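Participant: the following block contains a protein sequence and its predicted model.
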Amino acid sequence: MAYTKLNRRFTPSARVEELSSDTAHYRLIILAGKADEYRLAQIDDYTQIQSRRLFPHRVGLTLSLSARTSSPCLPGTWGFGLWNDPFGLSIGFGGKPFRLPALPNAVWFFGASKQNHLSFSDKPANGFLAQSFRSPRFHPLLIPAGLALPFSSQWTRRLLGKVIAEDGTALDVPSTQERAAYAMMRGRHVSTQHEEAVSVDPTQWHKYRLEWSLNRVSFEVDEARVLESSVSPNPPLGLVIWIDNQYAAFTPKGKIGFGVLANPEPAWLEIKGLEAS
């Protein structure tokens, strides 16, 4: 089915433009600005829902759309897919429902600038990714993890890595020629392990598709499969499409960082042909 009714959310320095209601064609824009305020443009289908247990999507869903971005290196994060809004980000948007933080469940195409480090294992932590997370509602290890956070965030990260299952692959893998030229400049031998990897330029129109089933998720770009994984998120989830200037990092060394980034030029994400079945 085609999406026709979506919630639009944006901060004062951002906007959501509906270019065509018939084809679910939107442009999400954050305006140029300094690193002095949070800028977000988002469309979703869960904003008005009070409880995560009532989010609209269960397993057995296929989601597809076409998308492009204004730059291959956007500040902050952007993407499209399904998640459980784990950080309670509905807070502060005009009296929308309050939800307590939770562990992440998500399946999405995700873009993150280099300041981000959003992995609890050895999976890709920034760049343009196909990514999935599966977490329980509660796990006994969360108690020692919470108690340890002020004293050893590195140990906390290891504990969370045992609780949160994740999988992902980079979609902005450089071509063999680009990697060879880069390695030659530094006098190194280039590895060919990513020879067959798909390299996606997000500034060009591409058709993205994800399938979410009970024990499997699958990601496609232009009808080519880029990732298939058994890390299937726990339902229910909500649809989210967004761009913002925020970063968050929880590095393997235990360093925690978060904040907002400057974007000297306006940045945007454009999508069309959004369908779910």
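Facilitator: All right, it came through fine.

Participant: can you give me the helices for this protein?
Facilitator: Secondary structure of the chain by DSSP state H: the helices cover 142-148, 153-163, 176-185.

Participant: contacting residues for the residue most central in space within the chain?
Facilitator: Centroid-nearest residue in the chain: Phe110, 3.2 Å away (criterion: Cα atoms, centre = their mean). Residues near Phe110 by Cβ atoms under 8 Å, 6 or more residues apart in numbering: Thr77, Trp78, Gly79, Gly81, Leu118, Phe128, Leu129, Ala130, Gln131, Gly168. Quick note: C-beta positions are derived from backbone N, CA and C, even for glycine.

Participant: and if we set it to 7 Å?
Facilitator: Gly79, Leu129, Gln131 (Cβ atoms under 7 Å, 6 or more residues apart in numbering).

Participant: got a markdown table for these, with neighbour count, distance to Gly273 and pLDDT too?
Facilitator: What follows is the contacts of Phe110, written out as a markdown table (neighbours: other Cβ atoms under 10 Å; distance: Cβ to Cβ, whole Å; pLDDT from 0 to 100):
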| residue | neighbour count | distance to Gly273 | pLDDT |
| --- | --- | --- | --- |
| Gly79 | 22 | 17 | 98 |
| Leu129 | 25 | 22 | 96 |
| Gln131 | 29 | 22 | 97 |
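
Participant: nearest to Leu54, of those residues?
Facilitator: Gly79 (23.2 Å; Cβ to Cβ).

Participant: you'd agree the closest one is up against Ala112?
Facilitator: No - taking contacts as Cβ atoms under 7 Å, Gly79 lies outside contact range of Ala112: 8.3 Å.

Participant: and Leu160, how many neighbours does it have?
Facilitator: 20 (other Cβ atoms under 10 Å).

Participant: actually, Pro136.
Facilitator: Residues near Pro136, counting by other Cβ under 10 Å: 15.

Participant: over to Thr203?
Facilitator: Using other Cβ under 10 Å: Thr203 sits among 13 other residues.

Participant: before we move on, the earlier item: grab the nearest non-local neighbour of the residue nearest to the centre of the chain.
Facilitator: Among residues not flanking Phe110 along the chain, Gly79 sits closest, at 4.1 Å (Cβ to Cβ, 6 or more residues apart in numbering).

Participant: no more questions from me, cheers.
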